[in-house]
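> 3D model of this:
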Amino acid sequence: MSTSHPAHLEPSKLGTKDYWDALYTTELQNHASNPEDTGTTWFSDSLAEEKLVALLPTLPTLPPPEQASFLDLGCGNGTLLSALRADGWAGRLMGVDYSERSVELARNVAAQDGSGAEFEVWDVLAGDYAAVLTGEQEGGWDVVTDKGTFDAICLSEEKDARGRRICEGYRDRVGRLVKRGGMLIITSCNWTEDELRTWFVGEGEGAEGEVEGEGVGFVEAGRIQYRTFSFGGHRGQTISTLCFRRT
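Numbering: from 1, shown residues only. From the prediction side, this is the model:
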C-alpha cells in the first residue's frame with residue numbers, strides 16, 4: 001500500500017549536528033559548574049517524560065519491568081532513562097545520540113543518579129545496526145523511544161542515497177530497531193497525531209492500518225493525552241505522543 005506523507009517542514013539549524021554539538025558543549029560546561037544542572041529536558045513543560053512512564057503499564061504485550069529493554073534515540077541528557085529506572089524498569093536501558101557531547105553529558109548524569117543506563121554515540125540514520133542490536137537485543141528492543149529526534153531530522157535539508165529528504169527513510173530505519181511485537185513511542189511538537197499516523201501507519205487507515213516498507217509495519221497501540229487548546233474553532237495539543245506496535 002502506498003501512502004503520502006505530510007508536507008515537509010522547512011529546513012532549520014535545529015536539523016544540523018553542529019547545532020546540537022554546540023548546545024551540549026554548553027550544557028556540559030554548565031553541568032561541570034553545577035552538577036544539579038542536567039541541561040535541557042525536552043517537553044518538560046508538558047511533563048512528557050512523566051506521562052510516557054505512566055503510559056507504559058497500559059500498553060499490551062510489554063514484558064514485565066524486570067525484563068523490558070529500552071532504546072532511547074537522540075537521548076540528549078539521558079533523563080528519560082533515569083526516570084524509567086526510578087519507576088522500577090529494571091531491564092537494559094541504552095541511549096544513543098549522534099552528538100558526542102550529548103553522550104558525554106548523559107553519561108555524567110547517569111553516573112550521578114546511578115541509573116546504570118548505557119550511552120553510545122550512534123547515528124540513527126547511518127550507524128551500523130550491529131552497534132545497538134547486541135546481546136539479547138540482537139533481534140530488536142522491546143521499546144524504542146524518540147522524544148523530539150524525528151522532529152530534528154525532519155528539519156534537516158540533507159538527502160539520502162535515493163535523493164529523498166532523510167526523514168523519508170526514518171520509519172523503516174527505526175523499524176529494524178524494534179523487535180516484532182515491540183513498541184515505538186514518538187513524541188513530537190512539529191507533527192499532529194494525524195500526521196504522525198500518516199508517517200508511521202498510513203493515511204486514512206486509523207489505528208488498524210499498516211504500511212509495509214522494506215519489511216517494517218506498524219499499528220497504533222496507544223497515545224498520551226496532553227492539555228488541549230482551542231484556536232479558530234479548532235482544538236489541539238501543543239505536542240503529540242503516539243505509540244506504535246511493530247507487526
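
> from here on, contacts and neighbour counts on C-alpha atoms
Noted.

> Nearest residue to the middle of the chain?
For the chain, the residue sitting closest to the mean C-alpha position, by C-alpha atoms, centre = their mean, is Asp146 at 0.5 Å.

> could you point out which element follows whichever helix or strand that one is part of?
Using DSSP states H and E, Asp146 maps to strand 141-147. Downstream of strand 141-147, the next assigned helix or strand under DSSP H and E is helix 149-154.

> just how off-centre is the helix or strand following that following helix within its chain?
Following helix 149-154 in sequence order, the next helix or strand is helix 170-175 (DSSP H and E). Here helix 170-175 is found 11 Å from its chain centre; the criterion is C-alpha atoms, centre = their mean, to the nearest Å.

> Stretch 132-143 too?
The chain centre lies 16 Å from the centre of stretch 132-143; the measure is C-alpha atoms, centre = their mean.

> all strands of the chain, in order?
Applying DSSP state E to the chain gives strands spanning 70-73, 93-97, 118-121, 141-147, 178-188, 218-224, 228-231, 234-237, 240-246.

> what bits of this protein have low per-residue confidence?
For the chain, the stretches flagged by pLDDT under 70 are 1-15, 203-215, 229-237.

> By residue count, which helix of it is the longest?
In the chain, with assignment by DSSP state H, the single longest helix is helix 17-33.

> And it, what does it pack against?
Contacts defined by 3 or more C-alpha pairs under 8 Å, 6 or more residues apart in numbering; DSSP states H and E place helix 17-33 against helix 100-113.

> Which strands or helices does the helix it packs on pack on?
Counting contacts by 3+ C-alpha pairs under 8 Å, 6+ apart, helix 100-113 is packed against helix 17-33, helix 79-86, strand 118-121.

> re the thing from before, in contact with the residue nearest to the centre of the chain, which residues are there?
Asp146 makes contacts with Asp72, Leu73, Gly74, Leu184, Ile185, Ile186, Thr187, as judged by C-alpha atoms under 8 Å, 6 or more residues apart in numbering.

> Tell me if I'm right that the first one and Thr145 touch.
Just to be clear, that refers to Asp72. Yes: Asp72 lies in contact with Thr145 (C-alpha atoms under 8 Å); the separation is 4.8 Å.

> Tell me what the residue nearest to the centre of the chain is bridged to.
Here Asp146 sits in beta bridges with Leu73, Ile186, as judged by DSSP bridges.

> Could you measure from it over to Cys189?
Distance of Asp146 to Cys189, given as C-alpha to C-alpha, to the nearest Å: 12 Å.

> can you pull the contacts of the closest residue to Glu220 other than its chain neighbours?
Among residues not flanking Glu220 along the chain, Phe244 sits closest, at 4.4 Å (C-alpha to C-alpha, 6 or more residues apart in numbering). Listed by C-alpha under 8 Å, 6+ apart, the contact set of Phe244 reads Met183, Leu184, Ile185, Phe200, Phe218, Val219, Glu220, Ala221, Gly222.

> Tell me the one among those nearest to Gly127.
Proximity of the contacts of Phe244 to Gly127 (C-alpha to C-alpha) peaks at Leu184, which lies at 18.4 Å.

> Alright, that wraps it up for me.
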